[in-house]
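A.B. asks: structure for the following, please:
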Amino acid sequence: MNAGTVKLKRKRLPVLLHATGWLILFIIPQFLISGGLFKDERTTQIVLFNTFVFLVLFYTNYFWLVPRLAQRKKWLAFLVLAAALIVLMGYTSGKYYENLFAPPREVRERIREAEQGPPHDDRGKRRGGGMALYNFFITSFLVSGFAVGIRYAESAVRKEEEIKELEREKLNSELALLKNQVSPHFFFNTLNNIYSLIEMNREDAREAVLSLSKMMRYMLYESEQGNTRLSNEIAFMRGYIDLMKLRISDRVKLTVSFPEDYVDQDLPPLLFIPFIENAFKHGVSTMGNSFIDIALGVEDGLITFIAANSINRKGSDGPQVASGIGLDNVRKRLALLYPGRHDLRIDSQETVFTVKLTVRN
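C.D. replies: Here you go, the predicted model:
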């Protein structure tokens, strides 16, 4: 469903709600009070006439008086004009009603007999006219009040939607900025690794460049679509790890565990790669044995990622393992993308640095 169709449906929805409201709250009750749906032509005409009168009253308030006066805090002018409108509609509709819907002679006689008055006694007529006028004014005030309430409610909903739209735009801008910061940082470190590899093994360096080109294609095209698939992200992480394996020595024990059978799902791209990058950056020691453990599990929509690596405290980078640009960006991205639906734990011990991240879609 495209954006134009959604927008059109949003425009049609208020019209449908208004029509349904008038039908259920006003038209049907009048028919029921009068003795049944379409009892006779005159009854139907009276119901439609009354509905038209109150439609004019309601939508004059709804489209003109409320937005131009009430919502601009001009309450005195609004009250005066709203009351004048009710009086005008009462007088005009009363004149038209008498001419259009005067009851037949036999009906008038039955009304007089029911009031138990002589034929020349018009007390019942006066009482009936007074009650009709009373009902009209009460209904008019209620209809005008509904117009005010609905207009204010719709304005509040519209304002809330505008605020949410601004928040979504801000979120998308911040996420785009954060992701753009992740990508250069990742490529900067990777190119440094390939540069070092060229001096050691040119053939492996060529393979590394080919792997990097595939990864660049993923980052430039796949990840720019918003969310990606978990399977694509796992393939990307495998490619990155294979690229890093070309330059580590046998003294680095690397353990990688990715699921083979899982339910694929959408997730933000490049969510886990900063942790892997951090592990290779700080977990590889040039002075002794070291290790890197990477694992990812998927169960019932819950994704659990763990990265653990040894720490070389003799190196200058050791105390700063948890303060890189990549990790800071991940924290911000998680706060924006998974508010209340993620758990990030970073544990830095004397010789081991561990990251455990769980997210639920």
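A.B. asks: now do the contacts for Phe49.
C.D. replies: By Cβ atoms under 8 Å, 6 or more residues apart in numbering, the contact set of Phe49 is Ser93, Tyr96, Tyr97, Leu100, Phe101. (Each C-beta comes from the backbone N, C-alpha and C, glycine too.)
A.B. asks: just checking, Phe54 touches Ile138?
C.D. replies: No. Contact criterion Cβ atoms under 8 Å: Phe54 and Ile138 do not qualify, at 11.8 Å.
A.B. asks: neighbour count winner among these two?
C.D. replies: Phe54 (21 against 10; other Cβ atoms under 10 Å).
A.B. asks: which strands and helices sit next to the longest helix seen in the chain?
C.D. replies: For the chain, the helix with the greatest residue count under DSSP state H is helix 123-200. Helices and strands touching helix 123-200, by 3 or more Cβ pairs under 8 Å, 6 or more residues apart in numbering; DSSP states H and E, are helix 41-60, helix 66-68, helix 75-100, helix 105-114, helix 202-217, helix 230-245, helix 273-283, helix 325-337.
A.B. asks: out of these, which gets the lowest mean score?
C.D. replies: Note on the helices and strands packed on helix 123-200: lowest mean pLDDT is at helix 105-114, with a mean of 61.
A.B. asks: about what we covered before: just the helices and strands packed on helix 123-200: most buried one?
C.D. replies: helix 273-283 (a mean of 22; mean count of other Cβ atoms under 10 Å).
A.B. asks: neighbouring contacts of the next helix or strand after that helix?
C.D. replies: Later in the chain than helix 273-283, the nearest helix or strand by DSSP states H and E is strand 290-299. When contacts are defined by Cβ under 8 Å, 6+ apart, strand 290-299 is touched by residues 230, 234, 237, 241, 251-259, 262-263, 265, 272, 276, 279-280, 283-284, 303-310, 312.
A.B. asks: strand partners of strand 290-299, parallel vs antiparallel please.
C.D. replies: Partners of strand 290-299 in the sheet, by DSSP bridges, are strand 252-257 (parallel), strand 302-310 (antiparallel).
A.B. asks: of all the residues in the first one, which ones are buried?
C.D. replies: Translated: strand 252-257. Counting neighbours by 16 or more other Cβ atoms under 10 Å, one finds that the buried residues in strand 252-257 are Val252, Leu254.
A.B. asks: and that strand, how far out from the chain's middle?
C.D. replies: 41 Å (Cα atoms, centre = their mean, to the nearest Å).
A.B. asks: next: stretch 134-145.
C.D. replies: Computed by Cα atoms, centre = their mean, the chain-centroid distance of stretch 134-145 equals 38 Å.
A.B. asks: contact partners of that stretch?
C.D. replies: Here stretch 134-145 makes contact (Cβ under 8 Å, 6+ apart) with Phe54, Leu57, Phe58, Asn61, Ala82, Leu85, Ile86, Met89, Gly90, Ser93, Gly94.
A.B. asks: what about it, average pLDDT?
C.D. replies: Here the average pLDDT along stretch 134-145 is 86.
A.B. asks: heads up, I number from 403, so please use that
C.D. replies: All right, first residue 403 from here; so that's stretch 536-547.
A.B. asks: list the buried residues of that stretch.
C.D. replies: With burial defined by 16+ other Cβ under 10 Å, the residues of stretch 536-547 counted as buried are Phe538, Thr541, Ser542, Val545, Ser546.
A.B. asks: cool, stretch 592-600 as well?
C.D. replies: Thr592, Asn595, Ile596, Leu599.
A.B. asks: check Ile426 and give its pLDDT.
C.D. replies: pLDDT for Ile426: 70.
A.B. asks: can you report phi and psi for it?
C.D. replies: phi -80, psi -40 (degrees, to the nearest 10).
A.B. asks: separation between it and Leu459?
C.D. replies: Using Cβ to Cβ, to the nearest Å, Ile426 is found at 18 Å from Leu459.
A.B. asks: what do you get for Leu427?
C.D. replies: Going from Leu427 to Leu459 by Cβ to Cβ gives 14 Å.
A.B. asks: domains in this structure, by residue range?
C.D. replies: Taking automatic domain parsing as the domain assignment, the ranges for the chain are 442-566, 603-762.
A.B. asks: how about these, which one is nearest Leu418?
C.D. replies: With Cβ to Cβ as the criterion, Leu418 lies closest to domain 442-566 of these, at 14.2 Å.
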